[in-house]
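A.B. asks: pasting the sequence and the predicted model now:
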Amino acid sequence: QLGISKNTVEKYLDLLNKVFILHKVEGFSRNLRKEITKNSRWYFLDNGIRNAVIANFNPVHARNDIGALWENYMISERLKYQSYKRISSNNYFWRTYEQQEIDWVEEREGSLFGYEFKWKEDKFKIPTQWKSAYPGASFELINVNNFNEWLK
């Protein structure tokens with residue numbers, strides 16, 4: 001769609017990662033057949049750059065991408081928090097072929113911690129496949145009402 005080769009895109013993404021513009025997050029899997037891991041997600045480390053790239057500086061109430069903006073913000077802030085607190089964590093997202101997903105998975109201290117980001121205080125249930133595949137993992141919904149606790 002861009003009219004350039006896949007290798008060129010990968011080189012650009014790698015460069016933007018190395019200069020701290022983008023952050024790459026891989027998919028999490030323990031080799032279950034129903035989990036998708038071949039795709040990565042990329043997040044801007046600065047939402048201002050993200051907004052400039054998509055030319056959208058509208059206020060929050062007038063945005064049609066608030067969910068993606070919120071997710072990007074939570075991830076960039078969590079990465080800073082992990083760095084400041086010297087938390088060693090492998091970070092992932094999780095998704096299945098049945099469209100179940102978790103936005104952020106931390107693997108640390110021998111445990112899994114799943115987090116779903118929602119702008120509004122929506123009701124959200126733990127994905128059933130996550131619960132059955134990883135029964136010891138925790139799960140938490142992060143929204144505008146509780147994100148401060150998550151980042152403290």
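C.D. replies: It's in. Numbering: from 1, shown residues only.
A.B. asks: alpha carbons only for contacts and neighbour counts from here, please
C.D. replies: OK.
A.B. asks: now do stretch 67-80, average pLDDT.
C.D. replies: The predicted model assigns stretch 67-80 a mean pLDDT of 97.
A.B. asks: and the contacts of it?
C.D. replies: The contact list for stretch 67-80 (Cα atoms under 8 Å, 6 or more residues apart in numbering) reads 43-47, 103-104, 117-119, 151.
A.B. asks: my guess is Phe139 meets Ser111, correct?
C.D. replies: No. Counting by Cα atoms under 8 Å, Phe139 sits too far from Ser111 to count as a contact (11.4 Å).
A.B. asks: who has more neighbours out of these two?
C.D. replies: Using other Cα atoms under 10 Å, the more surrounded residue of Phe139 and Ser111 is Phe139, with 19 against 11.
A.B. asks: tell me how many other residues surround the residue nearest to Pro127 when sequence neighbours are not counted.
C.D. replies: Nearest residue to Pro127, sequence neighbours excluded (Cα to Cα, 6 or more residues apart in numbering): Gln100, at 6.0 Å. Counted with other Cα under 10 Å, the neighbours of Gln100 add up to 15.
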